[in-house]
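Enquirer: What would the 3D arrangement of this be:
(one chain, ligands or ions: 1)
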Amino acid sequence: MSWIDDKARVELARVREAREKQVYPYFREFETGGLHTTIGGQPIVNFSSNDYLGLTNHPKVKEAAKRAVDKYACGLSSSRVQATTVEHVELERRLAKWFGYETCVMFTTGYQAMLGTIVSLADKETTLVLDSYSHACILDGTFLAAGIPGRAPEVRFFNHNSARSLERILKTRERKNALVVVEGVYSLDGDKAHLAEFVDICDRYEAVLCVDDAHGTGTLGERGTGILEETGLRDRAPILVSTFSKTFGGIGGLLLASDEVCDLVKHNARSFLFSASLPVPIVAAASTILDMLEADGPKLVKELHDKAGYMRKNLLDAGFDLGASNTHIMPVMCREERKTLFMHVALLECGVMMVPITYPGVKHGEERLRVNVTRGHTQEDMDLALELLKTYGEAFFVLSGEDIGPMVD
Ligand SMILES: Cc1ncc(COP(=O)(O)O)c(C=O)c1O
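Expert: Next up is the predicted model:
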């Protein structure tokens, strides 16, 4: 056995232990698509999905993808530089208009969109200013930029969502240019960025604001275009990054900015230039969801908000701690790893999937179940989830906050 096998054995000790205790919660195998699926033949309602408007499995979306398979198959066998279709360009044009930016560039994933944007824009004259809760794609883009010889930007973090902390960092930065990157909605906590304060501070310190609105797209603002629509701050954020992997029913990343900034990123971002072009069936699916948002956005968003409001009220009335959440993403805080894993397993056995988030995904004491309410959930789904959460929340002392006691071996 070589050192890589030794390394894997040592580093996977926690995973092995969880599997032995039958509480390992990840990589469960769905047998159909959709919020209502099966695992091992058992019906499951998925409450950890990011299909926020429940459109991913809409028959029209699937039909559009099938037609595109006939025309283009499932891949274009190259990167956008030599594998761009009229469908890509048309959707980029429509998305730019819908979001209210000059131009849109579609990447193959949102992760790549953020990587490419950061690496293209942040160089040695730049201070990158990041929220301390930043998503992996923001951190990885930053690490990549910081690792390029002779180009590394200064990197500074501000306390999560703290305008005072952001101001302190911008005031004391060492480089001429500043790029502030925040998320519209933080995916683990479900809280919104304090954008109204941030845009003023960015103006005062001549910093450019980049918003990753992966979780706000389709869920915030009357038409569903996101946090910038909701706050009326579209003109104050020169860069928006988003994804097709949540509301837009597939996979794919978006950069929205001015013509020139998009052109710069398009010609510099290695995550764009050296990775395969988005398959056209995916483009067709996203385009069909955009049709629906253009036609019915306000109705779709309101339906999501009504369901999220119902779930929030009932979870709070039952005594659950939802942390800092003020959106459809409502983490049920268990604040202990075993409680979180036991809750997950008990709920799953009863047909409700809520994925546990534990260390190192969150700090010790902040363990939680991931609960995302979507427009696709029915009243029965929500009532079942609420009943089970209450039953097991009491059984595993999540509601009382008492110590659960030692794990029985
Ligand atoms: C805030 C945020 N940004 C970016 C991404 C990456 O998106 P994608 O799944 O398209 O790579 C995610 C996905 O989890 C996310 O939560």
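Enquirer: Can you name the residues that contact Gly216?
Expert: Shown here is Gly216, whose contacts under the criterion CB atoms under 8 Å, 6 or more residues apart in numbering are Gly184, Val185, Lys192, Gly226, Ile227, Glu230. Where C-beta positions appear, they are placed from N, C-alpha and C, glycine not excepted.
Enquirer: redo that, cut-off 10 Å
Expert: Contacts of Gly216 were listed using CB atoms under 10 Å, 6 or more residues apart in numbering, and they are 52, 183-185, 192-193, 224-231, 240, 242, 246-247, 327.
Enquirer: Repeat that for Asp296.
Expert: Taking CB under 10 Å, 6+ apart as the definition, contacts of Asp296 comprise Leu53, Arg223, Gly224, Lys302, Glu303.
Enquirer: The first one looks like it's in a helix, true?
Expert: No - assessed with DSSP: H, G, I helix; E, B strand; the rest coil, Leu53 is coil; it does not lie in a helix.
Enquirer: and it, how many residues sit next to it?
Expert: Residues within reach of Leu53, counting by other CB atoms under 10 Å, total 26.
Enquirer: Repeat that for the fourth one.
Expert: Taking other CB under 10 Å as the criterion, the count of residues near Lys302 is 14.
Enquirer: Please pull up the helix or strand immediately following the helix or strand hosting it.
Expert: Applying DSSP states H and E as the criterion places Lys302 in helix 280-318. Of the helices and strands lying after helix 280-318 in sequence (DSSP H and E), the nearest is strand 332-333.
Enquirer: Run through the helices of the stretch 101-250 of the chain in chain order.
Expert: Taking DSSP state H, counting those that start in this stretch as the test, the helices found in the stretch 101-250 of the chain are 110-121, 136-146, 163-171, 195-204, 227-231.
Enquirer: so which of those gets nearest Trp3?
Expert: Distances from Trp3 to each of those were compared using CB to CB; the shortest belongs to helix 136-146, at 24.3 Å.
Enquirer: can you give me the angle the closest one makes with helix 110-121?
Expert: For helix 136-146 against helix 110-121, the angle by axes from the mean of the first three to the mean of the last three CA atoms, to 10 degrees is 30 degrees.
Enquirer: sorry, back to before: pipe the contacts of Asp296 into a markdown table and attach distance to the ligand per row.
Expert: What follows is the contacts of Asp296, written out as a markdown table (distance: CB to the nearest ligand atom, whole Å):
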| residue | distance to the ligand |
| --- | --- |
| Leu53 | 16 |
| Arg223 | 21 |
| Gly224 | 17 |
| Lys302 | 23 |
| Glu303 | 22 |
